[in-house]
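Enquirer: make a model of this:
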Amino acid sequence: MVQGKAFLTTRPGPWSVLVPIVAVIAGILFATSGSAAQGRSLRSDAAGLPDIIREKTQDNKRMIGELGKLTTEVDDLTHDGAPGNAAVAGLEKKADALGVSAGRTAVQGPVVEVQLNDSKLPTDRIPEGLTADALVVHQQDVQAVVNAFWAGGAEAMMIQDQRIVATSAVRCVGNTLILQGRVYSPPYRIRAIGDPATLRDILTQSPEIQIYQEYVRAVGLGYEVTTHDRQEFPAYAGSITPEYATVKK
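Expert: Next comes the predicted model:
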């Protein structure tokens with residue numbers, strides 16, 4: 001359902017190793033020819049031709065043997081590299097999957113969106129027993145939707161214009177939301193990629209959201225759920241390194 005964007009770097013094949021080896025052997029052949037000629041044409045001395053042929057035959061045998069050894073080494077390197085390449089490919093596949101879970105890759109898929117908004121009820125019409133505090137969306141209301149989405153199998157999530165992960169902190173000060181160093185005012189948009197039917201169903205089952213909906217009916221808090229066929233979420237831009245941690249004993 002979720003499609004990650006990834007870039008793979010092409011790994012060098014065995015021919016990139018073999019080409020320089022062949023070049024070295026060619027250089028040996030040229031050097032040997034120059035040494036044997038000693039500044040003269042090899043054909044200029046007919047009397048010494050048999051000796052030259054014998055010498056070159058031995059040189060050819062030696063170089064053929066060296067070429068065979070080098071070819072065997074290339075084959076061995078290729079063979080030895082194959083399991084490594086497979087292991088690397090497996091690790092890269094796992095890393096890609098973890099990248100999606102950690103929010104490190106952009107993703108796209110069907111989306112369920114919840115909008116929470118403050119009430120527009122005048123303060124002089126607040127029901128008895130309630131205060132003006134009941135007219136605004138609180139941190140626990142946003143967190144209730146986020147928790148419900150994660151529980152419903154959300155594969156990726158955003159609040160406002162920011163991608164969030166499971167460790168993202170949701171904090172409210174007054175009627176403003178502070179998320180990853182940025183401040184937002186309502187309405188608050190919480191979007192999740194996942195199975196729309198499951199995500200919508202989990203919203204109705206959440207006890208915290210049920211309580212929020214009581215205030216929707218009592219004072220007119222905003223609560224709207226919509227489904228989108230497909231949207232794209234950017235990669236998570238924050239740090240995934242814990243700032244504070246303790247060793248479990």
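Enquirer: just say helix, strand or coil for Lys69.
Expert: Following DSSP: H, G, I helix; E, B strand; the rest coil, Lys69 is assigned to helix.
Enquirer: what about it, distance to Asp76?
Expert: 10 Å (CB to CB, to the nearest Å). For every residue, glycine as well, the C-beta is placed using N, CA and C.
Enquirer: what helix or strand is Phe149 located in?
Expert: Element membership for Phe149, per DSSP states H and E: helix 139-151.
Enquirer: mind listing what's buried along that helix?
Expert: Residues Asp141, Val142, Gln143, Ala144, Val145, Val146, Asn147, Ala148, Phe149 are the ones in helix 139-151 that count as buried (16 or more other CB atoms under 10 Å).
Enquirer: closest to Thr176 out of these?
Expert: Nearest to Thr176 among these: Val142, at 11.4 Å, using CB to CB.
Enquirer: what's the helix or strand for Val216?
Expert: In the assignment (DSSP H and E), Val216 maps to helix 207-219.
Enquirer: sorry, that was for Arg191
Expert: strand 188-193.
Enquirer: what is the mean pLDDT for that strand?
Expert: For strand 188-193, mean pLDDT rounds to 96.
Enquirer: what's the first helix or strand after it?
Expert: helix 196-205.
Enquirer: what angle sits between that next one and helix 139-151?
Expert: Compare the direction of helix 196-205 with that of helix 139-151 by axes from the mean of the first three to the mean of the last three CA atoms, to 10 degrees and you get 140 degrees.
Enquirer: now do the same contact list for Pro110.
Expert: By CB atoms under 8 Å, 6 or more residues apart in numbering, the contact set of Pro110 is Met1, Ile193, Gly194, Asp195, Pro196, Thr227, His228, Asp229, Arg230.
Enquirer: pLDDT wise, what is it at?
Expert: At Pro110, pLDDT is 97.
Enquirer: give me the angle between the helix or strand it falls within and helix 196-205.
Expert: Using DSSP H and E, Pro110 maps to strand 107-117. Here strand 107-117 runs at an angle of 30 degrees relative to helix 196-205 (the same axes, to 10 degrees).
Enquirer: strand 107-117 pairs with which strands, parallel or anti?
Expert: Its sheet considered, strand 107-117 pairs with strand 188-193 (antiparallel), strand 222-233 (antiparallel) by DSSP bridges.
Enquirer: export that strand as CSV, just CAs?
Expert: C-alpha atoms of strand 107-117 as CSV (Å, rounded to 0.1, in the frame of the first residue of the first chain):
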residue,chain,number,x,y,z
VAL,A,107,5.6,7.6,1.1
GLN,A,108,2.2,7.7,-0.6
GLY,A,109,-1.1,5.9,-0.2
PRO,A,110,-4.8,6.2,0.9
VAL,A,111,-5.3,8.7,3.7
VAL,A,112,-7.8,9.2,6.6
GLU,A,113,-7.8,12.7,7.9
VAL,A,114,-9.1,14.1,11.2
GLN,A,115,-9.6,17.8,11.8
LEU,A,116,-9.9,19.1,15.4
ASN,A,117,-11.0,22.7,16.0
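Enquirer: measure how that strand sits relative to helix 207-219, angle-wise.
Expert: Using the same axes, to 10 degrees: strand 107-117 against helix 207-219 is 40 degrees.
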